[in-house]
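> sharing a sequence plus its predicted fold:
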Amino acid sequence: MVTASHALSEPCTFVEWTQYRNTNLYKHPSKAAYLFQTSSVKVDADGAPNAYHPDDIKLHCTKGDGFKGLDCPANAGYPDSSWWPSALLPDPNNSKIAYVQPSSSPYAGFFVSQTSLYDSSKTKTDPARYVDSRNVPYIVLPGKFYSMLGTGVVGDFGYAINASSRKASPFVVAEIGPPNAELGEMSIALATALGGVSPNPRTGAGTPKGKTIYVIFPKSRLVPSWPHANEKITSNTEKLLQSIGGPTALTDCNQAP
């Protein structure tokens, strides 16, 4: 149940739905959208062609210097975790190691960083197949949250607004994260749009401050589900927002302190 300390302000039209890891979820009466709020922020570099580099394996993730990639390979589970093939593309000729972009690539020497949402018209070894964290506002949904009925699928659209600064941005659901992760993981582009300053996926520096309110529109995925220009993400999300009362539908639902 939603406690009094987490009550939504009036005249919020969303109603109590369920909970995930102590984060309350609220559903719109039309069932076309749901909302949650969190101060937790983690920045994800996945999908960027320069997200991870083999030379960074030997460096300490937060204390090291001289990094070539945007993030530390260990944060992608490489090379010691069993789940790294979900983050980095395995080499087609040797699945025990991650594929390194060839000399012909603009980011030669970097690994290929995958996202759950991708452009099926491009080959797996093409970094452009994946959703680039640097340029596309996206969020990551934890694995167990993603498996909950009604939370939507990759390719769905949503909108986020910083409750303090009112900086806001549309986004796309592009990643399925670790099973028990917290809500609030986002791309570099979305973190910047919400008020972050040079967000660093490796150290966590520069992330937007304060509480962020998110609304997600399940079953809003288009066909094909990717790629879409940012202008398309914006125009599609604006239409979805208007169907629930516009951006004020989120700020009207700001949780009481």
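Looks like it arrived, so ask away.
> got a pLDDT number for the closest residue in space to Ser30 that isn't next to it in sequence?
Spatial nearest neighbour of Ser30, chain neighbours left out: Ile244 (6.9 Å); criterion: Cβ to Cβ, 6 or more residues apart in numbering. Where you see a C-beta, it was placed from the backbone N, CA and C, and this is true even at glycine. Per-residue confidence at Ile244 stands at 93 (pLDDT).
> where does Ile244 fall, secondary structure wise?
For Ile244, there is no host helix or strand (DSSP states H and E).
> residues touching it, list them.
13, 28, 30, 32-33, 215 (Cβ atoms under 8 Å, 6 or more residues apart in numbering).
> could I get the buried residue list for the biggest helix by length in the chain?
What stands out as the longest helix in the chain, according to DSSP state H, is helix 230-242. By neighbour count with 16 or more other Cβ atoms under 10 Å, helix 230-242 contains the buried residues 233-234, 236-237, 240-241.
> same question, stretch 93-106
98-101.
> and the residue most central in space within the chain, which helix or strand is it part of?
The centroid of the chain falls nearest to Ile139 when counting by Cα atoms, centre = their mean (1.9 Å). Using DSSP H and E, Ile139 falls within strand 138-142.
> note down every partner strand of the top strand by length along the chain and its orientation.
Longest among the strand segments of the chain by residue count, using DSSP state E, is strand 168-177. Here strand 168-177 is paired, per DSSP bridges, with strand 138-142 (parallel), strand 157-162 (antiparallel).
> TSV for those strands, including distance to Asn94?
Shown next, in TSV, are those (distance: least, Cβ to Cβ, whole Å):
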stretch	distance to Asn94
strand 138-142	28
strand 157-162	38
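> want to throw those strands into TSV with mean pLDDT?
Shown next, in TSV, are the strands paired with strand 168-177 (pLDDT from 0 to 100):
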stretch	mean pLDDT
strand 138-142	98
strand 157-162	97
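> select, out of these, the one closest to Asn200.
The closest of the strands paired with strand 168-177 to Asn200 is strand 138-142. By Cβ to Cβ, the value is 16.4 Å.
> that closest one vs helix 230-242, what angle?
Relative orientation of strand 138-142 and helix 230-242, computed by axes from the mean of the first three to the mean of the last three Cα atoms, to 10 degrees: 60 degrees.
> local confidence estimate at the closest residue to Lys42 other than its chain neighbours?
Among residues not flanking Lys42 along the chain, Glu185 sits closest, at 4.3 Å (Cβ to Cβ, 6+ apart). Glu185 is assigned a pLDDT of 98 by the prediction.
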